[in-house]
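*Asks:* Sequence and computational prediction follow.
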Amino acid sequence: MTAFSQIPPIEPGVSQELAKWRSSQYSNISYKLNLILEKMSPVLGGSMEIRVTQAAYACAEPNCPPMAIILDWRKIPGHETDSTISNVSINGTALSPRFSGQPPEGGTPSSFDERNDHLIFRDGVNMGENVIKLDFTSPILTSGSAITRYVDKEDGAEYIYSLFVPSDASTAFPVFDQPDLKARFELDIRLPSGWMAVSNTEPNGNLTQRQCYNLPPTRPLPALLDPKKQNDVTDSPTIQIRQPDDFNPCNINEAGFAETKPISTYVFAFAAGPFEEFTDAGGVGGNPSGSEGAQRGTPSNSLTLPTSRVSASTADLSTHIYVRKSQAAKFKPHAAEVFRLTREGVKYLETYFDYKFPFPKYDIVLVPEFPFGGMEHAGATFLKESSVIFPTEPTKSDQISRALLIFHETAHQWFGDTVTMKWFDDLWLKEGFAEFMAYKTLEKVMPEANAWKVFYERNKQAAYATDSTRGTTPIYQEIANLSNAKSAYGNIVYRKAPSFLRQAEFYLGADKFQTAVRAFLKKHEFANAGWEDLVKEFETASEQDLNEWAKGWVKNPGVPFATSTFCALKPKKLSPPLITSLNVQEVFAQQPFSLLRPNMDKPWGMKFNMLVAYSDGTRETLPFEFSTGTASGYDRYVNDRKPILFIFPNYQDYGYGIFLLDDKSRDYVLKNIQNEKDDFLRTMMWGSLWDSVREAELDPEDYVELAIKNLPRENDETIVSSLLGRVSTAINYYVSDEGGNPRGSKGALHGTSTTSRTLPTGRVSASTATLRTRLEDVLLDRLQHAATPGQRITFYRSFVTNASTERSRTVLKQMLAQAGQLAAQPTRAGSPRSDVAFTLRTKDKFDIVTRLIILGDPEAPKLLANLEKTEKSDDAKRYAYAARAGFATTENKAKYWKDFTANKDISESWIEAAFGPFNSVRHSDLTLPYLERALQELPNHKRNRKIFFVNGWLGAFIGGQRSEAALAIVNKFLADNPKLDNDLRLKILENVDLIERAVKIRARFPK
Ligand SMILES: [Zn+2]
């Protein structure tokens, strides 16, 4: 009766067309999973029961297509034989597989098709409920699979966890792997003894420890593949059944979990292994000051089973934290704070949303080498272990990062898990809200952090950095197939989307915004919604027509580019310039980038504040609104003839855009920045001067000089941290010659540039050398004498990153020699030694050695060898592997390149740790030959690696270069590969902006 009843083409991945068709056909989905985990088994084995209701079939035409149930089932390249399906039945009828070589239609009445990552059932499909049963196996790998095995190299313990986002559940077992086919999951896992399992719900009480396990009589167990027997399986669709005797039946636990509420496949998860379990003694609503997190005593040899947990009252939420055994002692000092942040976060969000925590319990699992900061599985957030147990002495910034991570994942329990986007084109909805709500929570729970100042320092800067490149996208990103969904993750959804929400709250008013958010959550709970649904609630709450306003933000790429101008009338009596006109022009994006952007004719609506500072010390905040593309405060000032010191657009950062200062205000800021008492304004001043550097208006050397002058007096830790990051960029890319010839090597250039520098490779101009030396002086002085430990650590880290002179190598070696205690060094001025600055931890020691290796220090190999003798932890092994990537020889780079691209046994986190030292900008001549090859690897990485890997890879390989030759290589690659996936093309353009800008800035300010 409708076109919809026609089955869409079955292409690999999950096409949006298939997803839309399926969500019109199917409902009431549930999965009952019985999983079997065995120690060191190369596969996950199990059986499952899929229930799905087929919609009433309304086809009235002749030759109606048959009803079909189409599941997603994808094999991992290189491991196809580990993914098996057997014993398939539908509604009680056994089905045999019909493979792609066989006729696709009209086979026997009892078969199903396997084609292009899908299982297609036509025979035996009923209107109403259908039950499909099957057995399966799927690979468990060190990297590159949805089920990951981590073997702790310290104690040999094994941990297994799932990570399905965005659409990898279908590589573990067959599912409808799209976010708007939510399902109830019921999980039962058999585990080796000594292991425990965590999943989305509480154990359901069926938890048993079998003294001796009897195999179920009704169904044969799915095969658990023996690696030695894999060849047998390759040739036959019938997998072998493992005999009961293979099963070591007396050593098995069974963990059963209560059925979940309807959730999307990407937020279903489990983790298993010999975890240590920590229990919150505080409970939500109790003990706001934070109580000691209690560690459950679990003798290492005993059988460890999680006990069933019952909330003490409706106000309490059960929270446990699971940590691998070898790290439990290190986590213990952090337990109370992590529980407090979680508890206070839940409490604030429940109040803000007017909605109780949506799931029956909230556990946290710390996963070693987790590829993201965290993942918000419903009721069971996974966090990267090193984001919680700091590998080095934490600064205030680190503490804030950890709190934000916890709040972000907690906010997702509502935004993402309870209300979910329909499709990954609206990924920004959940990520934008989680990040925005994380800062709102930070403001309440950690008021001393100055949340919105940090939001400016981290979110806004990163958003602008991406949004002003040719690789930017709208926050709403078209995704035709979920195989492209990973590319949607990046600064636009994580940084720009929350910036839009901050603007939306300011634009609508905080009360109306909150009313709308509450209504949105209630209306779409345990279902799916798109951005238009949110805008509807904004409109209802504010009684405004907001469609055009919202579309401007959601569908347009690019950052508004605003300049304010003094129109300086100079009256006789007043010497300082007087504002008679205040124009903010909205210019979309810098030329020449704007050409690539569609829909640029309509500006988006925005409200923001302008600060006017008068010479008598008074200040005034003036509201502005963009609606037509320009705004003017002209009338306000004509009658107000007070001399003005400076004007500062986007005061307090409600707006979104690059607001360059007018010349006079910029001069004032350059001269007076350190006298500004308002930390938030001061950090924005530094940011706006940096915008001027990036726009090639301000000489980067002037910026570094200003930083060198002011850093000794700057006491705000996060300002110090962001300032040092910019100084590093300026010195390495915009100013310095060091680390390679800025014109590139071996005549790759056309060679007629009159603008770039022409110093021979490795030589450093005199002015750059003194700039570096003076920066080192400041860093050395501050790492010993700054007021707080956090500041000293911040300066120390920057020193290690920027050290380049022979003197600084000597200092690094002294630090290392002092047995972990970094005693204060005598300063150049001979100032007195202070107490111990701070203690070096394992990672610090490796950071120092890595830097010495990169600098080619002759003692570095021996120092690394010595360090490896004393540091034997799991993490230490990863650090050592990464450090070696920094040896500057052709052979070494070739060896690592082979590891990065061909060694399947190296985990992603090892590669991610190593591609930084490999690509040190000091080795750009050595690594330039790998640039094009790194770009060629992208389609492969996109297919097989986790979400953020492509971004990191490009950041490292492009970030290792700064020359016009490198730029030419990237541009040639883009020209030579017109069929490259557009998302990858955009990622390259986003990253290469660093080199484009560096070339432009060096041309504008030649030394
Ligand atoms: Zn998130």
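*Replies:* Yes, it's here.
*Asks:* what's the helix of greatest length in the chain packed up against?
*Replies:* Secondary structure of the chain per DSSP state H: the longest helix is helix 328-353. Where contact means 3 or more Cβ pairs under 8 Å, 6 or more residues apart in numbering; DSSP states H and E, helix 328-353 is packed against strand 275-279, strand 294-295, strand 320-324, strand 363-367, helix 385-388, helix 396-412, helix 427-445, helix 510-523. Every residue, glycine included, has its C-beta placed from N, CA and C.
*Asks:* tell me which element the residue nearest to the spatial centre of the chain is part of?
*Replies:* In the chain, the centroid-proximal residue (Cα atoms, centre = their mean) is Phe372; its distance is 5.6 Å. Per DSSP states H and E: Phe372 is located in neither a helix nor a strand.
*Asks:* hang on, the earlier thing: so for Arg945, which of the helices and strands packed on helix 328-353 sits nearest?
*Replies:* strand 363-367 (16.8 Å; Cβ to Cβ).
*Asks:* Following element in sequence after that closest one, please.
*Replies:* That would be, after strand 363-367 and using DSSP H and E, strand 374-375.
*Asks:* Tell me which residues are up against that following strand.
*Replies:* 163, 165, 269, 381-384, 387, 405-406, 408-409 (Cβ atoms under 8 Å, 6 or more residues apart in numbering).
*Asks:* Going by residue numbers, what spans are strands in the stretch 1-150 of the chain?
*Replies:* Taking DSSP state E, counting those that start in this stretch as the test, the strands found in the stretch 1-150 of the chain are 26-36, 43-54, 69-72, 84-90, 93-94, 96-98, 111-115, 118-121, 128-141, 147-151.
*Asks:* Could you measure from Ala562 over to Ser665?
*Replies:* Per Cβ to Cβ, to the nearest Å, Ala562 is found 13 Å from Ser665.
*Asks:* got it, and Pro8?
*Replies:* According to Cβ to Cβ, Pro8 and Ser665 sit 57 Å apart.
*Asks:* cool, and Glu202?
*Replies:* 59 Å.
*Asks:* what's the burial count for Ala56?
*Replies:* Look at Ala56: counted by other Cβ atoms under 10 Å, it has 7 neighbours.
*Asks:* quick one: Thr469 and Lys987 touch, right?
*Replies:* No: taking contacts as Cβ atoms under 8 Å, Thr469 lies outside contact range of Lys987: 10.2 Å.
*Asks:* in the stretch 601-750 of the chain, which segments are predicted with low confidence?
*Replies:* The model of the stretch 601-750 of the chain has pLDDT under 70 over residues 601-604, 626-641, 736-750.
*Asks:* Quick check: the residue of it nearest the ion.
*Replies:* Proximity of the stretch 601-750 of the chain to the ion (Cβ to the ion) peaks at Tyr656, 20.0 Å away.
*Asks:* same deal with the stretch 501-650 of the chain?
*Replies:* Leu501 (13.5 Å).
*Asks:* Past the lowest-mean-pLDDT helix or strand in the chain, which element shows up next along the chain?
*Replies:* Sorting the helices and strands of the chain by mean pLDDT, DSSP states H and E puts helix 230-234 at the bottom, at a mean of 36. Counting by DSSP H and E, the element after helix 230-234 in chain order, helix or strand, is strand 252-257.
*Asks:* tell me the mean pLDDT for that next one?
*Replies:* Averaging pLDDT along strand 252-257 yields 85.
*Asks:* repeat for stretch 997-1007
*Replies:* 92.
*Asks:* In it, which of the residues would be classed as buried?
*Replies:* By neighbour count on 16 or more other Cβ atoms under 10 Å, the buried set for stretch 997-1007 is 997-999, 1001-1002, 1005.
*Asks:* Distance check, Gln25 against Ala56.
*Replies:* Counting by Cβ to Cβ - Gln25 and Ala56 are separated by 10 Å.
*Asks:* Now do the residue lying closest to Leu698 once chain neighbours are set aside against Asp363, distance only.
*Replies:* In this structure, Leu698 finds its nearest non-sequential neighbour in Ser692, 3.8 Å apart by Cβ to Cβ, 6 or more residues apart in numbering. Using Cβ to Cβ, we find Ser692 at a distance of 48 Å from Asp363.
*Asks:* Same question for Pro861.
*Replies:* Applying Cβ to Cβ to Pro861 and Asp363 gives a distance of 44 Å.
*Asks:* Which one's more surrounded, these two?
*Replies:* Each of Pro861 and Asp363 has its neighbours counted (other Cβ under 10 Å); Asp363 has more, 25 against 14.
*Asks:* Surely the more buried one is in contact with Met196?
*Replies:* No: under the criterion of Cβ under 8 Å, Asp363 makes no contact with Met196, lying 11.2 Å away.
*Asks:* what touches both of these two?
*Replies:* Tyr322.
*Asks:* Can you pull the residues of the stretch 351-500 of the chain lying near the ion?
*Replies:* Taking Cβ under 5 Å from the ion as the criterion, the neighbours of the ion within the stretch 351-500 of the chain are 431, 434.
*Asks:* Now with 6 Å, please.
*Replies:* 408, 412, 431, 434 (Cβ under 6 Å from the ion).
*Asks:* Let me have those residues in TSV, extended by distance to Glu277, pLDDT and neighbour count.
*Replies:* Shown next, in TSV, are those (distance: Cβ to Cβ, whole Å; pLDDT from 0 to 100; neighbours: other Cβ atoms under 10 Å):
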residue	distance to Glu277	pLDDT	neighbour count
His408	24	98	27
His412	23	98	26
Glu431	30	97	25
Ala434	26	98	25
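*Asks:* Please convert these to JSON lines, extending it with distance to Thr768.
*Replies:* Shown next, in JSON lines, are these (distance: Cβ to Cβ, whole Å):
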{"residue": "His408", "distance to Thr768": "40"}
{"residue": "His412", "distance to Thr768": "46"}
{"residue": "Glu431", "distance to Thr768": "40"}
{"residue": "Ala434", "distance to Thr768": "42"}
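*Asks:* Tell me where the stretch 601-750 of the chain has strands.
*Replies:* Under DSSP E, counting those that start in this stretch, the stretch 601-750 of the chain gives strands at 606-614, 619-626, 630-632, 644-649, 658-660.
*Asks:* could you redo these as a markdown table and give each row mean neighbour count and distance to Glu964?
*Replies:* Shown next, in a markdown table, are the strands of the stretch 601-750 of the chain (neighbours: other Cβ atoms under 10 Å; distance: least, Cβ to Cβ, whole Å):
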| stretch | mean neighbour count | distance to Glu964 |
| --- | --- | --- |
| strand 606-614 | 20 | 37 |
| strand 619-626 | 15 | 37 |
| strand 630-632 | 16 | 37 |
| strand 644-649 | 22 | 34 |
| strand 658-660 | 22 | 25 |
